[in-house]
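[1] Just a sequence and a predicted model for now, questions to come.
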Amino acid sequence: MTRAIKKEIMYQEKLNIPYKFLRFATPRDVALYRAERLFKSFNINPKIILEIGAGIGGQTFALSKFFEKVICIEIDKEKVLFLKNNLQKLKISNVEIITGDALNKSVINKINKYKIDVIFVDSERPEQSERTLKAIKPNLKEILKNYISLCENIAIEIPPFTQDIDELKKEYLFEEEFISMDFTLNRLTLYFNNLKKHEISAINLPSRELIFFDSSKNFENSNKFNETKLEEIEIKEISSLKNFKFLYSIDETLIVSNLYKKLKEKLNLSFLKLDKPVFLSSSLIHSNFLIPFKIKAFVKRDKKQLIKKIKELNTKKVVLRYKVDPKDYWKIRREYESKLNGNKEIHLFFNPNKNYYLLCEKI
């Protein structure tokens, strides 16, 4: 399973962990946020959490800071060895490790003797497999079937682009929480039963800015949310764009989760569909889910006029913000930049439907 840009795990500076394990380990900010959320989901502080798929401890270390006891199940013996060594080095004593398959009856019987308050499952998908629930290990339907009677408060991390999540919705109610780091979708966690706060949510880390949707408060059902289309501002002439001073690139986390519609509503922004949707506004708006740009000029699709305007803006670098074949990206950039001798960086957006460019400066 491919992950987003790698961030350090908790205590990484104190541990000697091979890269093959670090690739998939939970980043520090994600681990701490998620452990805190799981702990604070109850009126009375929970004491014991079961972690299925502990790996080398990226999430375990954070859970041990909040819960009195962490019981870990890990099937990979090599990871178990690193986990034990890591816990020993860090002098963490409230973690118990069970080596084995979480779906094995003997393992389930061992768990039965505890009064589990919360269960967290860190699943995985082989890198070359399809993006479906069937490809995820351990099997999520079997985990829910075997463990929900022991504890209904279950959170499961799954690969963000899993295609058939709706299959689970036929049997269970849960929240889909999308986690953003560095303007990139980093994690997707499903929260079942008492852990569920919203229908869909997106949180930015480390800022913890939250955007969410609840069908009962917005529409009759979630399908209406998914089908809702945003009205693009009507642009018949380039001159009509002069009402807007700022353009915003939208975090892919909001695009994937469909929550960019809620952010538009919350901040009263105008929507413009380019290769990817962007927002426009007349005054500067702040959100950690948005990258703001100041609109410097609009130019019709005319190469000579475009180069002329880029020069007028005292440009040195041109960043292409529209869809282009990766192998041609630098060829096109160099073609622009070879004619420039300014000192500014201009970001070039393009509307293929209306045939005009937006020249912007990053704020």
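    Yep, it's here. Numbers count the residues shown, from 1 in each chain.

[2] contact partners of stretch 87-101?
    11, 14-15, 54, 57, 60-61, 64, 67-75, 77, 80, 83-84, 106-107, 110-111, 138 (Cβ atoms under 8 Å, 6 or more residues apart in numbering). Where you see a C-beta, it was placed from the backbone N, CA and C, and this is true even at glycine.

[3] Drop anything exposed from those.
    Among these, those that count as buried by neighbour count (16 or more other Cβ atoms under 10 Å) are 11, 15, 54, 57, 60-61, 64, 67, 69-75, 80, 83-84, 107, 111, 138.

[4] Looking at those residues, which are in strands?
    Taking DSSP state E, the ones among these that sit in strands are Lys69, Val70, Ile71, Cys72, Ile73, Glu74.

[5] and which of these is nearest Leu190?
    Proximity of these to Leu190 (Cβ to Cβ) peaks at Ile73, which lies at 18.3 Å.

[6] Which residues does the closest one form beta bridges with?
    Assessed by DSSP bridges, Ile73 has beta-bridge partners Ile52, Ile98.

[7] Do I have it right that it meets Glu51?
    Yes: using Cβ atoms under 8 Å, Ile73 is in contact with Glu51, at 7.1 Å.

[8] Where do the helices of the chain begin and end?
    Secondary structure of the chain by DSSP state H: the helices cover 19-22, 28-39, 60-66, 77-89, 105-112, 140-147, 166-169, 215-218, 222-227, 252-257, 260-267, 303-312, 326-337.

[9] For Tyr191, which of those helices is the nearest?
    Once the helices of the chain are compared by Cβ to Cβ, helix 28-39 is nearest, at 8.2 Å.

[10] can you list contacts of that closest one?
    Contacts for helix 28-39 (Cβ under 8 Å, 6+ apart): 7-10, 12, 26, 45-46, 49, 58-59, 61-63, 65-67, 118, 120, 155, 179, 181, 186-187, 189, 195, 203, 205-206, 208.

[11] For those residues, which ChimeraX command selects only the ones that are buried?
    In ChimeraX, a selection of the buried entries from the contacts of helix 28-39 looks like this (16+ other Cβ under 10 Å):
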select :7,9,10,12,26,46,49,58,59,61,62,63,66,67,118,120,155,179,181,186,187,189,195,203,205
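
[12] can I assume Phe289 is in contact with Arg208?
    No: with contacts counted by Cβ under 8 Å, Phe289 stays clear of Arg208, the gap being 11.9 Å.

[13] How about the residue sitting nearest the centre point of the chain, nearest residue that isn't a chain neighbour?
    Centroid check for the chain by Cα atoms, centre = their mean gives Leu185 as the closest residue, at 2.7 Å. Take Leu185 and drop its neighbours on the chain: the residue closest to it by Cβ to Cβ, 6 or more residues apart in numbering is Thr253, 4.4 Å away.

[14] Distance check, that neighbour against Glu176.
    Noted for Thr253: a distance of 12 Å to Glu176, by Cβ to Cβ, to the nearest Å.

[15] ok, those two, which is more surrounded?
    Thr253 (26 against 22; other Cβ atoms under 10 Å).

[16] residues contacting that one?
    Residues in contact with Thr253, defined by Cβ under 8 Å, 6+ apart, are Phe178, Ile179, Ser180, Thr184, Leu185, Asn186, Ala202, Asn204, Leu259, Phe289.

[17] Convert the longest strand anywhere in the chain to PDB, retaining C-alpha atoms only.
    In the chain, taking DSSP E as the definition, the longest strand is strand 290-300. The C-alpha coordinates for strand 290-300 follow below in PDB (Å, rounded to 0.1, in the frame of the first residue of the first chain):
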ATOM      1  CA  LEU A 290      -6.600  26.000   1.100                       C
ATOM      2  CA  ILE A 291      -3.500  27.400  -0.500                       C
ATOM      3  CA  PRO A 292      -4.100  31.100  -1.300                       C
ATOM      4  CA  PHE A 293      -3.000  32.900  -4.400                       C
ATOM      5  CA  LYS A 294      -3.300  36.500  -5.400                       C
ATOM      6  CA  ILE A 295      -4.800  36.900  -8.900                       C
ATOM      7  CA  LYS A 296      -2.500  39.100 -10.900                       C
ATOM      8  CA  ALA A 297      -4.000  38.900 -14.400                       C
ATOM      9  CA  PHE A 298      -6.300  37.100 -16.700                       C
ATOM     10  CA  VAL A 299      -5.300  36.300 -20.300                       C
ATOM     11  CA  LYS A 300      -7.100  34.700 -23.200                       C
END
